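S.K.: Build me a structure from this.
(one chain, ligands or ions: 2)
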Amino acid sequence: MDALIPRPRAEVAPGAVHIPDWLDLDAQRRLVEACRGWRGYRQTRLPNGGVMSVRTVCLGWHWHPYRYSKVTDDGSPVLPFPGWLGDLGRRAVSDAYGVSSYEPDIALVNFYDSAAKMGMHQDKDEASLEPVVSLSLGDACVFRFGNTSDRGRPYTDVDLRSGDLFVFGGESRLAFHGVPKVLPGTADPELGLVGRLNLTLRVSGLVSGEEG
Ligand SMILES: O=C(O)CCC(=O)C(=O)O
Ligand SMILES: [Fe+2]
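M.R.: Ligands and ions are numbered 1, 2, ... in the order given. The predicted model follows:
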């Protein structure tokens, strides 16, 4: 992994934009610190009996497969979605698409240890089709970005590294995607993070009290 070779920005599919090295090391450090401050990372149980290998904490709205609510599984209120994270999301969408009106109200923060993965899925529990903003920290991973019809090919494998931004909206908003593999030991030791963190910012399209 050669940090000295700049990686170009790429439109992986229509509306799916990868901007490498979007966050500098200081901004990554601050985001890792924020992630450490949010408590309650848990492995999510799926209705089919499976348990996700990532550990997740939610901000703004809690994701239960497959709906959002204002309370977590143990009945405690979901953590607030901070204003500064909304500002970061707006800057991301502005850099990806040149549009500055994005108002995210959900963050899913996922921690991956060296063995964790995420199967191919669509982010479709939001009532809004505003873009998803994804920020990666720590170990690199293979991020598989597919098509909108099924989990299979065609897909593109993207090397997501610490500080990278990936935004998917428009025609790609409901594309299947997943993380087949984390690349352990690839994080910059100066970041002080063992493993990988990913934050996805989303727009719920929900009004509190009306959730399902
Ligand atoms: O970890 C990633 O890069 C993707 C996470 C993801 O797809 C999700 O949280 O829905
Ligand atoms: Fe996703």
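S.K.: just checking, residue 171 is part of a helix?
M.R.: Yes - the assignment for residue 171 (DSSP: H, G, I helix; E, B strand; the rest coil) places it in a helix.
S.K.: three-state assignment of the residue nearest to residue 23 when sequence neighbours are not counted?
M.R.: Among residues not flanking residue 23 along the chain, residue 163 sits closest, at 4.2 Å (C-beta to C-beta, 6 or more residues apart in numbering). Quick note: C-beta positions are derived from backbone N, CA and C, even for glycine. Here residue 163 is recorded as coil under three-state DSSP.
S.K.: Can you list the neighbours in contact with the lengthiest strand in the chain?
M.R.: Ordering each strand of the chain by length in residues (DSSP state E) puts strand 51-59 first. With contacts defined as C-beta atoms under 8 Å, 6 or more residues apart in numbering, strand 51-59 is touched by 38-46, 63, 72, 78-82, 85, 106-113, 115-118.
S.K.: can you check stretch 164-172 too?
M.R.: So stretch 164-172 is contacted by 12-23, 92-93, 95-97, 129-136, 143, 145, 148, 158, 160, 175, 177 (C-beta under 8 Å, 6+ apart).
S.K.: Among those residues, name the buried ones.
M.R.: Taking 16 or more other C-beta atoms under 10 Å as the criterion, what is buried in the contacts of stretch 164-172 is 12-13, 15-23, 92-93, 96, 130-136, 143, 145, 158, 160, 175, 177.
S.K.: Near ligand 1, list only the ones from the residues you listed.
M.R.: Checking the buried ones among the contacts of stretch 164-172 against ligand 1 by C-beta under 6 Å from any ligand atom, the ones in range are 134, 136, 143, 160, 177.
S.K.: from these, which two are the most distant?
M.R.: Taking C-beta to C-beta as the measure, those reach their widest spread between 136 and 177, a distance of 12.9 Å.
S.K.: Can you check which residues contact both of those two?
M.R.: With C-beta under 8 Å, 6+ apart, residue 136 and residue 177 have common neighbours residue 143.
S.K.: circling back: out of the ones next to ligand 1 among the buried ones among the contacts of stretch 164-172, which sit inside strands?
M.R.: Secondary structure from DSSP E places 134, 136, 143, 160, 177 of those in strands.
S.K.: residues in the protein within reach of ligand 1, list them.
M.R.: Within the chain, the residues that sit near ligand 1 (C-beta under 6 Å from any ligand atom) are 108, 110, 118, 123, 134, 136, 143, 160, 177, 179, 198, 200.
S.K.: In space, what's closest to the fifth one - neighbours in sequence excluded?
M.R.: Computed as C-beta to C-beta, 6+ apart, the closest residue to residue 134 that is not its neighbour in sequence is residue 166, at 4.4 Å.
S.K.: you'd agree residue 36 is in a helix?
M.R.: Yes - counting by three-state DSSP, residue 36 falls inside a helix.
S.K.: circling back: which of the ones next to ligand 1 among the buried ones among the contacts of stretch 164-172 lies closest to residue 33?
M.R.: The nearest member of those to residue 33, counting by C-beta to C-beta, is residue 136 at 16.0 Å.
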